[in-house]
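Trainee: Give me a model of this one.
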Amino acid sequence: MLLQLNNIAEIESAHLAIHEHISAQKDWFFAEEGSAPLALGRDEFDFSVAHRRLIFSCWTESGSRSWHIKAWSSTGDKLILKASRRMGAEAATLELVPRASAKAMVASIAAARHARCEKLAQIVAQPSVGEFLAEDREPGPEPLLPGAKIESAVLSAGMRRDQPGRYARIVLRLPHSRVAVTGIVAQSDARNVDSFFSSALLWFHRLQSRPTRPFIEKLIMVVEHNIAEGARQRHALLRDSLRRAIDLLEIDESWQKLLTLRPFERKQLWRKRLARFPSIPEDQTGERVKRIIAQAPHAVDVVRSRHGQTLRYHGLPFARVRRVMEKDRIWFGIEGSRRRMLDDYHQPDWAKLFRDLETYRTESCRDRKHWLYRAAGEAWLESILRRDISKLDPGLVVAPLHAQFRTSHGGAFGASGARPIDLLALRHDGRLAVIELKVSEDREHVFQGVDYWRRVEGHRRRGHISTAKLFGERELSDESPLVYLVAPARRFHPSCATLARTIAPDIEIYRFDINEDWRAGVRVVRRERVNA
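Mentor: Alright, predicted model coming up:
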């Protein structure tokens, strides 16, 4: 049972109890829902009380992270934490498990997912276990695939060798054909729909490449209700031949019944009602902010929002600005550390932070393992391109350029898993360009870029971009946006070309390979169309 933290007494008591609990173990595994466990030493995470809140901080593969703990419980050796980040925009369930118990935990998770995989195979193949629901008639005992037998039902490969996979990999044998079936057997999250599609299509591609007869020519993708909408949207963007080979089914909450999802046609994507773009905040850079920028104008930039401004050093946020009573109030501190107000008392701390950024957050840093150098790599690349996007493509207008652009109001992730767009730019010929940046291998690169294309194209067709004057008085072309996938040459995922070819050819996707030492300056070493 989770213990809620509603007052300072409960927070202090929880802090003491958790400290005693974690002191007994040296090595731990940290897991955030939807991600693989991360090995941590006792000195690599911390619990603290600040501003009447219990704060959990640790280092992850994405850099330093901090969470506000709202509830907790201890189950055996395991700690379960209900937490939030980014002023409540992101909620998560966190787990801390002693490494000594990790093998047992992994085995338990693997067994549960295997059981769910086998159950899914039975539901799809056997009418005695599940019922097939068509959209135009009542539930009946008719099997989805008459005469189907289960040939194999296994889990996909995990993110690491010692981790169980998240997806079912089922092959059903029919009298004269074979069918592939896949579904999510871990916790389903709207933010993971791109990962699911990428994994499913790569598996389907491998199966079709095998010489085993009869050949597999159909893929059934089973989704839960919370990702059904996102799945239909992505399905509509695939090549016609692939769309015809894929059926989408929704499984109910009790995992007993299936519902056929009628696929979207492309024109249906544009019928969905969209809110107008949030207004672009005015530039209200105060004198204090200007003085900070002047300390390192080559490195410091400002990201504006409705609630204030964020100062970044080569893309790494290090100060927040809020206007209170007609005055700029500035708080500083790297995410994961305690934030302090920029005043005379904290001036030495401010000076030290700035010295550290100048020493380690630079392309000439000798300590390439320092966390200030390694953190927020994509934001660093974005900050370079924001200064001169023509380094990527001379055909792009240098300004205005919109970074971390949101196509709707709300937090970091909406109900459909919507993320902010890395860069939204305009070409001199009036055509929009949706730019997705990566600095390390990411299998979701293609589908993230294409989903951004869908959202921007929906707004373009409604005239929202022109009405909001996102690019001033420049006239927009009556053509759909281009998709630019950008990464260092050796950091594109090996599956990029295969996944790009699954996308409809009228969505123009370009791959930009940049130099590996991009921190010293971006150069495009190769550009090619990847889904012609």
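Trainee: and A231, what does it touch?
Mentor: 193, 196-197, 221, 223, 248, 261 (C-beta atoms under 8 Å, 6 or more residues apart in numbering). Placement of C-beta: from N, CA and C, glycine included.
Trainee: of all those residues, which comes closest to G463?
Mentor: V193 (28.0 Å; C-beta to C-beta).
Trainee: Now the closest one. Its backbone dihedrals?
Mentor: phi -70, psi -30 (degrees, to the nearest 10).
Trainee: For burial, what's the neighbour tally of it?
Mentor: Using other C-beta atoms under 10 Å, V193 has 25 neighbouring residues.
Trainee: Does the residue nearest to it when sequence neighbours are not counted lie in a helix or a strand, and which?
Mentor: Once flanking residues are discounted, V193 sits nearest to G230: 3.9 Å by C-beta to C-beta, 6 or more residues apart in numbering. Using DSSP states H and E, the element containing G230 is helix 225-235.
Trainee: try K119
Mentor: Counting by DSSP H and E, K119 is found in helix 99-125.
Trainee: counting contacts, what elements does that helix pack onto?
Mentor: In terms of contacts (3 or more C-beta pairs under 8 Å, 6 or more residues apart in numbering; DSSP states H and E), helix 99-125 is packed against strand 27-32, strand 149-157, strand 164-173, strand 178-184, strand 216-223, strand 246-251, strand 257-261.
Trainee: Put together TSV for these, with distance to C365 and mean pLDDT on each row.
Mentor: Formatted as TSV, the helices and strands packed on helix 99-125 follow (distance: least, C-beta to C-beta, whole Å; pLDDT from 0 to 100):
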stretch	distance to C365	mean pLDDT
strand 27-32	27	84
strand 149-157	36	93
strand 164-173	37	93
strand 178-184	41	96
strand 216-223	45	94
strand 246-251	47	94
strand 257-261	50	88
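Trainee: most neighbours per residue, which of these?
Mentor: The highest average neighbour count among the helices and strands packed on helix 99-125, using mean count of other C-beta atoms under 10 Å, belongs to strand 178-184 at a mean of 23.
Trainee: Sheet partners, orientation included, of that one?
Mentor: strand 164-173 (antiparallel), strand 216-223 (parallel) (DSSP bridges).
Trainee: what's in contact with that strand?
Mentor: 120-121, 124, 145, 148, 151, 156, 166-172, 192, 196, 199-200, 203-204, 207, 214-216, 218-224, 227, 251.
Trainee: hang on, the earlier thing: which one of the strands paired with strand 178-184 lies nearest to V300?
Mentor: Here strand 164-173 is closest among the strands paired with strand 178-184 (C-beta to C-beta), at 40.0 Å.
Trainee: contacts for the closest one?
Mentor: 106, 109-110, 113-114, 116-117, 120-121, 124-125, 145, 148-158, 178-186, 196, 199-200, 203, 207, 216, 222.
Trainee: Show me which positions of the helix holding K119 end up buried.
Mentor: 99, 101-102, 105-106, 109-110, 113-114, 116-121, 123-125 (16 or more other C-beta atoms under 10 Å).
Trainee: How about stretch 497-513?
Mentor: Quick answer for stretch 497-513 (16+ other C-beta under 10 Å): 498-504, 507-513.
Trainee: how about a markdown table for the strands paired with strand 178-184, with distance to F30 added?
Mentor: Listed next are the strands paired with strand 178-184 as a markdown table, based on distance: least, C-beta to C-beta, whole Å:
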| stretch | distance to F30 |
| --- | --- |
| strand 164-173 | 17 |
| strand 216-223 | 28 |
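Trainee: Identify whichever of those lies nearest to D517.
Mentor: Here strand 164-173 is closest among the strands paired with strand 178-184 (C-beta to C-beta), at 35.0 Å.
Trainee: Show me the strands in the stretch 351-500 of the chain, by range?
Mentor: Along the stretch 351-500 of the chain, the segments classed as strands by DSSP state E, counting those that start in this stretch run 402-405, 421-426, 432-437, 482-488.
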